[in-house]
Structures are given as structure tokens and as C-alpha cells.
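A.B. asks: here's my sequence, what's the structure:
(chains A and B)
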Amino acid sequence: MLLEIKNLHVEVEGKKILDGLSLTVKGGEVAAIMGPNGSGKSTLSYVVAGREDYEVTEGEILLGGENILEMDASERAAKGLFLAFQYPVEIPGVGTMTFLKSALNAQRKARGEDELQTPQLMKRVREAANKLEINQDMLKRALNVGFSGGEKKRMEILQMALLEPKLSIMDETDSGLDIDALRIVAQGVNALRSKDRGFLVITHYQRLLNYIKPDTVHVMAAGRIVKTGGPELALELEKNGYRDYVSEAA
Amino acid sequence: MTNEITQIRTPAEKALISLYASEKDRLPGSAAVKALRGEAFAEFERSGLPHRRIESWHYTDLRSQLREAAPLFEPGSSEFEDSLRHVQPGVPAGYALVLLDGIFVPELSDLDELPGSVTVRSLADVLATGDANLVDRLAPKGLGAGDPALSLNAALMQGGVVVDVAPASELDKPLIILSIMSAGAIHAAYHRSLVRVGAGAKLTLLEIVDAVEIGSNQQNGVLVLEIADDAEVEHLTRISRQGADAIIVRSLLATLGANCKYDGFALIADGGLVRRQVFLRFDGEHSTAGIRGLSLLSGKRHADTTLVVDHAVPHCTSREYFKHIIADEAVGVYQGKVVVRPHAQKTDGGMKSRALLLGDSATMFNKPELEIFADDVVCGHGATVAQLDEEQLFYLRSRGLPRAEAEQLLLEAFAAEAVEHVQNEGARERLMTYVSDWLAARK
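C.D. replies: Numbering: from 1, shown residues only, chains lettered A, B, ... in the order given. Presented below is the predicted three-dimensional model:
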């Protein structure tokens, strides 16, 4: 199993956000999590990625069978975890290329692999950027600074493509994207799909799932998974909304 | 009736009084110069060492920090001669003028290579001849008047250089004033140099404060920079390799003619207590001054940058831009005062000081000030004190960068925003390398 979350309870400043959430993602699987605002979707993605502002009071998160709860965010990344942020962070003064090189080599170093030299890296970045229709000028700018919403999301997918994570969590990657950008982003994700990799796609809307076809759809409400089904579940939610699930969880 | 408060002299003040008494006849200078020394010392005696009740020294209480006033090293002493042999000016390519313990050492300097457009004289020689015109220029009127550290320097200055850069000339390499403290027992140096840049000349001037051995020395150095019309000067200052007990006061007294361009950058990365003060005045219209710097402070170091920029004439532009990275229990101080005189219309002034505190015990005092007496001006200032952004750190860590590396990347970016203003490419790269090494060593 790629990702196993068992009975996860998480609090922020004494307020319970995740309430016994359990979930698995297999190699080759694309699992979608859908749920209303405030159901804890973003908290889940941050907790798995290793953000410290959250207190895990109970439960386990296993990545490839290994408990990652005690690991630093950077160690989790080196183990093959990637979070595509809902709001990618602007980092003034840090060149996009410098950042990509630092990130890639930090992960390679953590795994005991040789560092990539700049020419190799440049080539890989350029290829990946072309596929995502990312302008070369963007690569020369400071990371995410002055990028449009769509550019930021494409930059997330570029990082994903370069870092080749085993498990990618995509936190509302579709928010703020127009149809063209959505298609490009989805193509980037689909290109990475393989029998070894898994994806956890968090979204409000069914729309993204037209482009990235999920194997599994989970409905999240009030901090836990309240229903699991196939792709048809997403269509049903689109039609009926979350009302049934919200009241059920409450 | 005024109330004269007689201060109790600190041991260091008493030591300075006896130091002056014993050295005054040996210090270089004609009778007229000796009289000026006497006046300056009398002024110092009246004020004493600067302390927190003097507004411009409020955050740097030299009176309580300077516990002992160290003696001067004599040229010809065994320590001095020994150090002479050890000086390896590990400085960038350029024409180096070497001051050892405040004394100009021609044999260590690149005088022979220096093109004819630059003339260099020893300050001691100039003082001995008492050339009234030059002596006057060593203390430009209205710049830093009454500052106790300047008075003390004027009384005790041992040596330095007087440099003239010919009009319309341009050196192929930077001119370097390398001020080195020799190894051995704790000692002090007082030096003053004058650099006059002729009309239309271009100059890159590096001022480097270094030491043979990292030690606890005391230095009070003054640079007088006279920039004539249409000249362009890039002036880079680096204070490094100073011990955690070293006390360093550096003053820059700069005047700009018309249509000049001055770009200064100072790196303060060392020394126990550093006070860098800049007094700059626009004397001619349509000139531009950029005064910038970066302080990297760790341990219990204290670095104070205090500026007074005097827009005495209309149509000039000044930019003050300082960054400070403060770790451990270190203390940073920035006091920037921009004065716009009543007739100095069309002044364009912009000042920024940004500090990053690493840890809860680090301190920054930020005090930008504008004194504007003209009405048709554009002036602004900003001062921030912050910590590293946790959102940015988490983003970087989530991409695989361990916290220390993520911090380094952000700190380098923060520092680079200041360093990138340095135009001399070699100097800029060395500065960034220095910053990276400093940050890496901190971990």
C-alpha cells in the first residue's frame, strides 16, 4: 500500500479538525477526495506533508508501510511525497531554477544519489516546462513571484514532474484555473500516472475529474471519510451537493 | 544659568586622557596641527565618550562598552615589525594602500604600479608640513560636528593616506584602503584618510578592515571623501576578521559636487561592537547617492549604522537601503536621518532598513528619520523587523530541503537583495560568497 491513513485525529489550537479519518491509496490509483468547505481537506494535505501547526492526537500515517508522522517535511519529500499547494508560496529573491536545483538535489542527496549537474537539470526542466506550456522567462524569475494563479499551478505540476514523487497530493489544484490551464495541468498529471505512483486529488468540484479520471472517490465531511465509491459518486455529488453528507456527519 | 554636569570619568576616559598626554608630542603634525589636536581633545574631554543620553549614540553606549582604552602600537616596535612580515593582503585585485595599526606603510602598498592619475601621500607627512588647505579638508565643516568619536580621532590620528584622483581619470582596477590590525596585545589605532576624486573621474574604492589575527582591538577610522562635479564613485566597505571583543568605529564624511554619482555599500560581518557612521552632504545639484549595506551579526555582536544625509541643495536623489541578519543575542542598530533643507526642492529621498531576527534573543533598533523643510520633495522611508517566514520555509521543506538549507536559501535571497546593488562584479561575487559561507558556518 502506498499511503495508509489510520484513524487520524488532528487538532489545531484545541479544535478538532480531523476526527478519525482513515484512507488508503494504492500504487497506480488516483483517489479523489471531495467535500464541502471546512471539512478538513486542506488540513489533511498539510498533516500528511508534515506541517507542524497541527497536533496529531491519535492515528498513523504510513507511506510505503513506514510511519512518517515523526519525520520532517523534507524527509517525507525525499521518501516520495509531494504536495501541490492550493496556494503556492511566493519566494522573493530565490530564482526558480536555483530552487528547482536545490530541491531536486536535496532529495537525491537524502536518498544517497548523485547530485544532478546544472546542464542535465536545465535540459530536464526545459523539457518539462515545454510540456506544461511554461514560458522560459518564468524560469528566470523568482519562484512564484508575480506569477498568475494559473502559472503558479503549472509550476506546481512542473515540480511534480521533476521530483517524480510516489504519492502526490493535489490540494484544489483546479481552483483558479480556466479550462485551458485545467487541461494542461491534467495532462501533466496524467503523464505521470503509472502503476507505481498514486495520487490523492482534493477538489470541490467534479470538473477536474473529467480530466483526471479517478479510480476511487471519497466524500469527506466533518473530518472523516463518510462515503467511498467509484467515479459515479463524483457525478452524484455534482448533482445533489454535499447536503446529505454534511447532515449525516453532524 | 546653565547647569554644567560634571561627569565622573570612566577608567577608559581617564586612560584616554593620559594616552593623549603621553602621545601628543609624538603624534605627527606642525604646530598648527598640534593646536587643532588640542582643540579636538578639549572637545572630547568636554563630551566624554559617547553614551546613551547623546541622541545619535542612544543605542550604542560606548561609554559603558569601552572598558579599557588600549594603547597605541609604535611603528618600529617588535610587534609592528613582526606583523609587517605577516601581512598577506588577501584582497581582491586592485591598488592596495596598506595601513597597519593606523600607520600608512608604503612598502606594503602598490605605489609603484599606481598610474600617474592617482597621487598618494602619507597623512603623517601632510600633517607634519601643516598644509593649511589640506588640513582644513581633513575635517569638512558641518559634517559630524561635535561627534565625540570624530573629536577623539582628530586628536589622536596617527596616520592614513591623502589620495588625489586626477580629473577625468579612470583606474583600471579598484583602489583599496586596507586597514589591518597587527597581532599581539590589545591595542588601538586612530587613522584618517582623505580621498579627493577629481571632476569627471571614475573610481571604485574598497575600504577593508582586516586583522593579522582575529583579536580584540580598538579602531577609530575616518574616511573623508570629496567628490567633485561629474565624478562617479563606487565605495565598498568590508569589516571582517575582527574578534568578538573588537571595538570599531568608522566614520565616513562625504561631500558631493554637482552631477555626481556615489554608490556605497558596507558589509559588517564581524567585530564585537561596530559603529559605522556616515555623514554625507550634497553640495551640488543633480547628484545621486546610494548608501547601502548588510550586517550579519551573531553571538553577542553589536553593529550600529548611523547616517545623516544632508540635502543641502535642490535636485538631488538619495537612496538608503540596509539589511540586517541578526542571530543569537546580537544587536543591530540603524539610524538614518535624511535632512532636506528649505531650498532643496525636487529632492528625491528613499530609505529602507529591513532586519531579520533569527531567534528570540536577537534585537534590532530601527530608527529612520526624515527632516524635511522643503515642500516640493518626494521622500519615503520604511523599516521592518521580521523573522523568517514559516510559510515559505514549509514550502521549501515540502520540496525536500531540510530546514537548515531552506533557511539558508531564504537568508541568501534576503541578503542578495542588498548585495545585488554592488556594481563591481568581482566584489559582488565575493560578497555573496562571503554571505553564503557566513550563513553556512552559522548552522
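A.B. asks: can you tell me what sits against the regular element (helix or strand) spanning B:Gln392?
C.D. replies: According to DSSP states H and E, B:Gln392 maps onto helix B:390-397. Outside helix B:390-397, the residues within contact range by Cβ atoms under 8 Å, 6 or more residues apart in numbering or on different chains are A:50-51, A:72-74, A:77, A:85, A:88-89, A:91, A:99, A:102-103, B:403, B:405-407, B:409-410. Any C-beta I mention is one placed from the backbone N, CA and C, and that applies to glycine too.
A.B. asks: which parts of the helix or strand encompassing B:Asp437 are buried?
C.D. replies: Using DSSP H and E, B:Asp437 sits within helix B:425-442. Of the residues in helix B:425-442, those buried under the neighbour-count criterion (16 or more other Cβ atoms under 10 Å in any protein chain shown) are B:Ala427, B:Arg428, B:Arg430, B:Leu431, B:Met432, B:Tyr434, B:Val435, B:Trp438, B:Leu439, B:Arg442.
A.B. asks: and what of stretch A:176-195?
C.D. replies: Quick answer for stretch A:176-195 (16+ other Cβ under 10 Å): A:Leu177, A:Ala181, A:Leu182, A:Ile184, A:Val185, A:Ala186, A:Gln187, A:Gly188, A:Val189, A:Leu192.
A.B. asks: kindly report the same for stretch A:62-76.
C.D. replies: A:Leu62, A:Leu63, A:Ile68, A:Met71, A:Ala73, A:Ser74, A:Glu75, A:Arg76.
A.B. asks: point out where the stretch 51-200 of chain B drops to low pLDDT.
C.D. replies: The stretch 51-200 of chain B contains residues with pLDDT under 70 at B:75-81, B:83-92.
A.B. asks: please enumerate the helices of it.
C.D. replies: Taking DSSP state H, counting those that start in this stretch as the test, the helices found in the stretch 51-200 of chain B are B:62-65, B:78-86, B:123-129, B:132-137, B:148-156.
A.B. asks: contact partners for residue 224?
C.D. replies: No chain in the question, so chain A it is. The contact partners of A:Arg224, taken as Cβ under 8 Å, 6+ apart, are A:Leu18, A:Asp19, A:Gly20, A:Leu21, A:Ser22, A:Ala249.
A.B. asks: you looked at the wrong chain, it should be chain B
C.D. replies: Taking Cβ under 8 Å, 6+ apart as the criterion, B:Val224 is in contact with B:Arg137, B:Leu138, B:Ala139, B:Pro140, B:Arg192, B:Ser193, B:Leu194, B:Val195, B:Leu253, B:Ala254.
A.B. asks: secondary structure element for the last one, which one?
C.D. replies: Element membership for B:Ala254 (DSSP H and E) is strand B:247-256.
A.B. asks: quick one: that strand to helix B:148-156, angle?
C.D. replies: In terms of direction (axes from the mean of the first three to the mean of the last three Cα atoms, to 10 degrees), strand B:247-256 departs from helix B:148-156 by 90 degrees.
A.B. asks: partner strands of strand B:247-256, with direction?
C.D. replies: strand B:218-227 (parallel), strand B:273-282 (parallel) (DSSP bridges).
A.B. asks: averaged pLDDT, the last one. What do you get?
C.D. replies: Within the predicted structure, the mean pLDDT of strand B:273-282 is 97.
A.B. asks: what do you get for stretch A:220-231?
C.D. replies: Stretch A:220-231 carries an average pLDDT of 94.
A.B. asks: would you mind listing what in chain A touches chain B?
C.D. replies: A:49-51, A:72-74, A:76-78, A:82-83, A:85, A:88-89, A:91-94, A:98-99, A:102-104, A:106-107, A:110, A:142, A:159, A:163 (Cβ under 8 Å from any Cβ of the partner chain).
A.B. asks: in strands only, show me these.
C.D. replies: A:Phe82, A:Leu83 (DSSP state E).
A.B. asks: and for the closest residue to B:Asp310 other than its chain neighbours, the neighbour number?
C.D. replies: Using Cβ to Cβ, 6 or more residues apart in numbering or on different chains and skipping the chain neighbours, the partner closest in space to B:Asp310 is B:Arg281 (4.1 Å). Neighbours of B:Arg281 under the rule other Cβ atoms under 10 Å in any protein chain shown: 22.
A.B. asks: circling back: which elements pack onto the helix or strand immediately after the helix holding B:Gln392 in the chain?
C.D. replies: Going down the chain from helix B:390-397, the next helix or strand is helix B:403-419, by DSSP H and E. When contacts are defined as 3 or more Cβ pairs under 8 Å, 6 or more residues apart in numbering or on different chains; DSSP states H and E, helix B:403-419 packs onto helix A:73-78, helix A:96-110, strand B:288-297, strand B:317-327, strand B:348-358, helix B:390-397, helix B:425-442.
A.B. asks: taking chain A, what residue is nearest to chain B?
C.D. replies: Taking Cβ to the nearest Cβ, chain B has its nearest neighbour within chain A at A:Gly93, 2.9 Å off.
A.B. asks: spell out which parts of the stretch 301-443 of chain B neighbour chain A.
C.D. replies: Going by Cβ under 8 Å from any Cβ, the residues of the stretch 301-443 of chain B near chain A are B:391-392, B:394-403, B:405-406, B:409-410, B:412-414, B:416-417.
A.B. asks: what residues does stretch B:336-344 touch?
C.D. replies: B:282, B:305-314, B:316, B:318, B:320, B:322, B:347, B:349, B:351, B:353, B:367-374, B:377, B:379, B:381.
A.B. asks: show the secondary-structure elements that the host helix or strand of A:Ala191 is packed against.
C.D. replies: For A:Ala191, the host element (DSSP H and E) is helix A:179-192. Helix A:179-192 sits against helix A:118-131, helix A:149-163, strand A:167-171, helix A:207-211, with contacts defined as 3+ Cβ pairs under 8 Å, 6+ apart.
A.B. asks: include mean neighbour count, mean pLDDT and distance to B:Ala168 when you put the ones you listed into JSON lines, please.
C.D. replies: What follows is the helices and strands packed on helix A:179-192, written out as JSON lines (neighbours: other Cβ atoms under 10 Å in any protein chain shown; pLDDT from 0 to 100; distance: least, Cβ to Cβ, whole Å):
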{"stretch": "helix A:118-131", "mean neighbour count": "14", "mean pLDDT": "91", "distance to B:Ala168": "43"}
{"stretch": "helix A:149-163", "mean neighbour count": "22", "mean pLDDT": "93", "distance to B:Ala168": "49"}
{"stretch": "strand A:167-171", "mean neighbour count": "25", "mean pLDDT": "96", "distance to B:Ala168": "63"}
{"stretch": "helix A:207-211", "mean neighbour count": "18", "mean pLDDT": "90", "distance to B:Ala168": "67"}
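A.B. asks: B:Val385: which of those is closest?
C.D. replies: For these, the distance to B:Val385 is smallest for helix A:149-163, at 28.7 Å, taking Cβ to Cβ.
A.B. asks: got the angle between that closest one and helix A:179-192?
C.D. replies: Using the same axes, to 10 degrees: helix A:149-163 against helix A:179-192 is 10 degrees.
A.B. asks: so what does helix A:149-163 touch, helix or strand wise?
C.D. replies: Against helix A:149-163 (3+ Cβ pairs under 8 Å, 6+ apart) you get strand A:81-84, helix A:96-110, helix A:118-131, helix A:179-192.
A.B. asks: mind doing that once more with 10 Å?
C.D. replies: Judged by 3 or more Cβ pairs under 10 Å, 6 or more residues apart in numbering or on different chains; DSSP states H and E, helix A:149-163 is in contact with strand A:81-84, helix A:96-110, helix A:118-131, helix A:136-140, strand A:167-171, helix A:179-192.
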